[in-house]
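Visitor: one predicted model, sequence on top.
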Amino acid sequence: MACRITELVIDCADPQRLGDFWCEVLGYVELGWDGADLEIGPPGGFGGPLPTLVLSRSDEPKRGKLPLHLDVNPTDRDQDAELERLLAAGARPADVGQTGEESWHVLADPEGNEFCLLRRRVDAVDSPGAAD
């Protein structure tokens, strides 16, 4: 028997702002609030093949490079078009020491959390209850 990742928790100053951003990026929806924490996830909700994100309100600012970051891949367009979409949604380029020769783009979300946009296009994962 094994485990699987069902939730990722991200400390942030503004859960609503960050939730709106990641819902736009991932096609997620707001699942609900638990006090000051916002959970977002696929339209099918918790427990499906995709993890939910819990955006946990914190007054402690991010310090330096995070030991964990997210990688995302486009599902319905090429990398250049997806980069434009992510920048329009509020992402910004981030410099973590890359050379410029990489096949991926390093970006930061509205609170400065780095993530990478990879080149390879992948199939979207259908979650239970997702609209057709």
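Guide: Cool, got the structure. Numbers count the residues shown, from 1 in each chain.

Visitor: next one: the closest residue to Trp33 other than its chain neighbours from Val9, what distance?
Guide: Of all residues not flanking Trp33 in the chain, Glu39 sits nearest, at 7.6 Å (Cβ to Cβ, 6 or more residues apart in numbering). For glycine as for every other residue, the C-beta is placed from the backbone atoms N, C-alpha and C. Between Glu39 and Val9 the computed distance is 10 Å (Cβ to Cβ, to the nearest Å).

Visitor: quickly list what Glu7 is bridged to.
Guide: Thr52 (DSSP bridges).

Visitor: list the residues that contact it.
Guide: Taking Cβ atoms under 8 Å, 6 or more residues apart in numbering, we find Glu7 in contact with Glu39, Phe46, Pro51, Thr52, Leu53, Val54.

Visitor: 6 Å instead?
Guide: Pro51, Thr52, Val54 (Cβ atoms under 6 Å, 6 or more residues apart in numbering).

Visitor: show me where this protein has its strands.
Guide: Taking DSSP state E as the test, the strands found in the chain are 7-12, 29-34, 37-41, 52-57, 70-72, 92-93, 105-108, 114-117.

Visitor: elements contacting the second one?
Guide: Using 3 or more Cβ pairs under 6 Å, 6 or more residues apart in numbering; DSSP states H and E as the contact definition, the elements that strand 29-34 packs against are strand 37-41.

Visitor: hey, C-alpha coordinates of the strand it packs on in PDB?
Guide: Listed next in PDB are the C-alpha coordinates belonging to strand 37-41 (Å, rounded to 0.1, in the frame of the first residue of the first chain):
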ATOM      1  CA  ASP A  37      -7.500  29.300   5.200                       C
ATOM      2  CA  LEU A  38      -8.900  28.800   1.700                       C
ATOM      3  CA  GLU A  39      -9.000  25.500  -0.100                       C
ATOM      4  CA  ILE A  40      -9.100  25.400  -3.900                       C
ATOM      5  CA  GLY A  41      -9.200  22.300  -6.100                       C
END
